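**Student:** Please find the sequence and the predicted model below.
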Amino acid sequence: MSRVGRKPIEIPTGVEVVKDGDRVTVKGPRGTLERSVHPDMKVEIGSGAVTVERPTNNPLHRSLHGVTRSVIANMVEGVTRGFEKRLTIVGTGYRAAVTDGRLVLNVGFSHQVEITPPEGVTIETPTPTSVVVKGSDKETVGQVAANIRKVKPPEPYHGKGIRYADERVRQKAGKTAK
(Lines give C-alpha, C1' and ligand atoms only; values in the text may rest on other atoms or scores of the structure.)
Protein backbone atom coordinates (compact mmCIF):
# COMPACT_ATOMS: atom_id res chain seq x y z
CA MET A 1 0.00 0.00 0.00
CA SER A 2 1.29 3.48 -0.85
CA ARG A 3 2.37 5.35 2.23
CA VAL A 4 1.87 8.72 0.54
CA GLY A 5 -1.48 7.74 -0.97
CA ARG A 6 -2.95 6.55 2.33
CA LYS A 7 -2.42 9.86 4.14
CA PRO A 8 -5.54 12.02 4.30
CA ILE A 9 -5.33 15.62 3.05
CA GLU A 10 -6.52 18.08 5.67
CA ILE A 11 -8.76 20.85 4.34
CA PRO A 12 -8.02 24.17 6.09
CA THR A 13 -10.80 26.59 6.94
CA GLY A 14 -11.74 28.81 4.02
CA VAL A 15 -10.90 26.13 1.44
CA GLU A 16 -13.57 24.27 -0.50
CA VAL A 17 -12.89 21.00 -2.37
CA VAL A 18 -15.48 19.79 -4.89
CA LYS A 19 -15.41 16.64 -7.03
CA ASP A 20 -17.49 16.56 -10.21
CA GLY A 21 -16.92 13.35 -12.15
CA ASP A 22 -13.19 13.20 -12.89
CA ARG A 23 -12.61 16.90 -12.10
CA VAL A 24 -11.44 18.09 -8.68
CA THR A 25 -11.84 21.81 -7.97
CA VAL A 26 -10.19 23.53 -5.02
CA LYS A 27 -11.26 27.07 -4.07
CA GLY A 28 -9.43 29.15 -1.51
CA PRO A 29 -8.23 32.64 -0.62
CA ARG A 30 -5.54 32.66 -3.37
CA GLY A 31 -7.84 31.54 -6.19
CA THR A 32 -9.30 28.42 -7.78
CA LEU A 33 -7.45 25.40 -9.17
CA GLU A 34 -9.04 22.64 -11.24
CA ARG A 35 -7.56 19.33 -12.32
CA SER A 36 -8.83 16.08 -13.75
CA VAL A 37 -7.85 12.87 -12.00
CA HIS A 38 -7.69 9.36 -13.42
CA PRO A 39 -11.20 7.86 -13.56
CA ASP A 40 -10.10 4.75 -11.63
CA MET A 41 -8.92 6.75 -8.60
CA LYS A 42 -11.61 7.18 -5.95
CA VAL A 43 -11.47 10.63 -4.32
CA GLU A 44 -13.61 10.93 -1.20
CA ILE A 45 -14.30 14.30 0.39
CA GLY A 46 -15.19 13.94 4.03
CA SER A 47 -15.58 16.43 6.84
CA GLY A 48 -12.28 18.32 6.95
CA ALA A 49 -10.26 15.80 4.92
CA VAL A 50 -9.85 14.32 1.45
CA THR A 51 -8.77 10.71 0.93
CA VAL A 52 -7.69 8.93 -2.24
CA GLU A 53 -8.25 5.19 -2.69
CA ARG A 54 -7.25 2.82 -5.47
CA PRO A 55 -9.44 -0.02 -6.73
CA THR A 56 -6.79 -2.74 -7.17
CA ASN A 57 -3.13 -3.48 -6.55
CA ASN A 58 -2.28 -3.47 -10.25
CA PRO A 59 0.90 -1.49 -11.08
CA LEU A 60 -0.96 1.33 -12.87
CA HIS A 61 -3.26 1.94 -9.91
CA ARG A 62 -0.37 1.73 -7.47
CA SER A 63 1.58 4.36 -9.40
CA LEU A 64 -1.42 6.68 -9.70
CA HIS A 65 -2.39 6.43 -6.03
CA GLY A 66 0.38 8.53 -4.50
CA VAL A 67 0.57 10.92 -7.44
CA THR A 68 -3.14 11.73 -7.28
CA ARG A 69 -2.94 12.37 -3.56
CA SER A 70 0.14 14.63 -3.99
CA VAL A 71 -1.47 16.63 -6.78
CA ILE A 72 -4.59 17.31 -4.71
CA ALA A 73 -2.46 18.18 -1.64
CA ASN A 74 -0.44 20.65 -3.76
CA MET A 75 -3.67 22.22 -5.00
CA VAL A 76 -4.87 22.71 -1.41
CA GLU A 77 -1.52 24.18 -0.37
CA GLY A 78 -1.44 26.41 -3.45
CA VAL A 79 -4.79 28.08 -2.78
CA THR A 80 -3.88 28.66 0.89
CA ARG A 81 -0.16 29.57 0.96
CA GLY A 82 0.98 29.51 -2.67
CA PHE A 83 4.35 28.49 -4.09
CA GLU A 84 7.49 30.38 -4.99
CA LYS A 85 10.78 29.66 -6.72
CA ARG A 86 13.83 31.87 -6.26
CA LEU A 87 16.48 32.30 -8.93
CA THR A 88 19.86 34.02 -8.72
CA ILE A 89 21.71 35.67 -11.60
CA VAL A 90 25.52 35.41 -11.50
CA GLY A 91 27.76 37.31 -13.90
CA THR A 92 29.26 40.73 -14.46
CA GLY A 93 26.62 43.03 -15.93
CA TYR A 94 23.90 40.37 -15.74
CA ARG A 95 20.65 41.75 -14.34
CA ALA A 96 16.89 41.41 -14.40
CA ALA A 97 14.01 43.86 -14.13
CA VAL A 98 10.22 43.68 -14.31
CA THR A 99 8.56 46.15 -16.69
CA ASP A 100 4.84 46.09 -17.51
CA GLY A 101 4.47 42.66 -15.88
CA ARG A 102 7.19 41.12 -18.09
CA LEU A 103 10.63 39.99 -16.98
CA VAL A 104 13.47 41.63 -18.90
CA LEU A 105 16.83 39.82 -18.69
CA ASN A 106 20.25 41.21 -19.64
CA VAL A 107 22.49 38.15 -19.55
CA GLY A 108 25.31 38.74 -22.01
CA PHE A 109 23.43 38.50 -25.28
CA SER A 110 23.37 41.29 -27.86
CA HIS A 111 19.67 41.74 -27.05
CA GLN A 112 17.43 41.73 -24.01
CA VAL A 113 15.33 38.63 -23.35
CA GLU A 114 11.70 39.25 -22.39
CA ILE A 115 9.57 36.63 -20.64
CA THR A 116 5.83 37.09 -20.19
CA PRO A 117 4.45 35.01 -17.30
CA PRO A 118 1.20 33.08 -17.79
CA GLU A 119 -1.95 34.05 -15.96
CA GLY A 120 -1.81 33.32 -12.24
CA VAL A 121 1.98 33.68 -12.00
CA THR A 122 3.76 36.84 -10.83
CA ILE A 123 7.44 37.63 -11.19
CA GLU A 124 9.32 39.96 -8.84
CA THR A 125 12.91 41.22 -8.78
CA PRO A 126 13.80 42.27 -5.22
CA THR A 127 17.36 42.99 -6.39
CA PRO A 128 18.73 43.20 -9.95
CA THR A 129 20.38 39.78 -9.52
CA SER A 130 17.49 37.85 -7.99
CA VAL A 131 14.14 36.76 -9.40
CA VAL A 132 11.15 35.40 -7.47
CA VAL A 133 8.40 33.49 -9.29
CA LYS A 134 5.14 33.19 -7.31
CA GLY A 135 1.79 31.54 -7.94
CA SER A 136 -0.80 29.12 -6.66
CA ASP A 137 -0.17 26.28 -9.16
CA LYS A 138 3.03 24.41 -8.28
CA GLU A 139 3.49 22.94 -11.76
CA THR A 140 3.15 26.31 -13.52
CA VAL A 141 5.49 28.09 -11.08
CA GLY A 142 8.13 25.41 -11.56
CA GLN A 143 7.80 25.51 -15.35
CA VAL A 144 8.12 29.31 -15.52
CA ALA A 145 11.21 29.17 -13.28
CA ALA A 146 12.70 26.44 -15.50
CA ASN A 147 12.03 28.54 -18.61
CA ILE A 148 13.81 31.53 -17.04
CA ARG A 149 16.79 29.34 -16.07
CA LYS A 150 16.91 27.89 -19.60
CA VAL A 151 17.66 31.36 -21.05
CA LYS A 152 21.23 31.19 -19.66
CA PRO A 153 21.95 28.07 -17.55
CA PRO A 154 25.01 28.25 -15.28
CA GLU A 155 28.20 27.23 -17.03
CA PRO A 156 30.67 24.99 -15.18
CA TYR A 157 33.89 26.97 -15.64
CA HIS A 158 33.02 30.40 -14.22
CA GLY A 159 29.56 29.71 -12.79
CA LYS A 160 27.94 32.55 -14.76
CA GLY A 161 24.28 32.27 -15.65
CA ILE A 162 20.86 31.89 -14.05
CA ARG A 163 20.49 29.29 -11.30
CA TYR A 164 18.03 28.35 -8.60
CA ALA A 165 18.80 30.04 -5.27
CA ASP A 166 19.55 26.70 -3.57
CA GLU A 167 21.41 25.19 -6.55
CA ARG A 168 25.11 24.43 -6.24
CA VAL A 169 27.11 24.55 -9.48
CA ARG A 170 30.14 22.29 -9.58
CA GLN A 171 33.11 24.22 -10.91
CA LYS A 172 35.43 22.47 -13.34
CA ALA A 173 39.15 23.13 -13.41
CA GLY A 174 40.23 25.26 -16.35
CA LYS A 175 43.18 24.62 -18.60
CA THR A 176 46.47 24.00 -16.83
CA ALA A 177 49.70 25.65 -17.93
CA LYS A 178 52.44 23.53 -19.54
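**Tutor:** On my side now, so go ahead. Residues are numbered from 1 along each chain as shown.
**Student:** can you count the residues close to the closest residue to Tyr94 other than its chain neighbours?
**Tutor:** What sits nearest to Tyr94 in space, not counting adjacent residues and going by Cβ to Cβ, 6 or more residues apart in numbering, is Val107, at 4.9 Å. Heads up, the C-betas are built off the backbone N, CA and C, glycines and all. Other residues near Val107 number 18, with proximity taken as other Cβ atoms under 10 Å.
**Student:** With Arg35 instead?
**Tutor:** Using other Cβ under 10 Å, Arg35 is surrounded by 16 other residues.
**Student:** Please name the residues that touch Lys27.
**Tutor:** Val15, Glu16, Val18, Val79 (Cβ atoms under 8 Å, 6 or more residues apart in numbering).
**Student:** tell me the two of those residues that are most distant?
**Tutor:** Within the contacts of Lys27, Val18 and Val79 form the most distant pair, 12.4 Å apart (Cβ to Cβ).
**Student:** Between the two, tell me which one has more neighbours.
**Tutor:** Val79 (23 against 11).
**Student:** Val15 is in contact with that one, correct?
**Tutor:** Yes: Val79 is within contact range of Val15, at 6.1 Å (criterion: Cβ atoms under 8 Å).
**Student:** which residues of this protein fall in helices?
**Tutor:** 3-6, 59-80, 138-151 (DSSP state H).
**Student:** can you redo those helices as JSON lines with distance to Thr88 and mean pLDDT?
**Tutor:** What follows is the helices of the chain, written out as JSON lines (distance: least, Cβ to Cβ, whole Å; pLDDT from 0 to 100):
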{"stretch": "helix 3-6", "distance to Thr88": "31", "mean pLDDT": "84"}
{"stretch": "helix 59-80", "distance to Thr88": "24", "mean pLDDT": "94"}
{"stretch": "helix 138-151", "distance to Thr88": "10", "mean pLDDT": "96"}
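**Student:** Take those helices and write them to a markdown table, including distance to Val132.
**Tutor:** What follows is the helices of the chain, written out as a markdown table (distance: least, Cβ to Cβ, whole Å):
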| stretch | distance to Val132 |
| --- | --- |
| helix 3-6 | 29 |
| helix 59-80 | 16 |
| helix 138-151 | 9 |
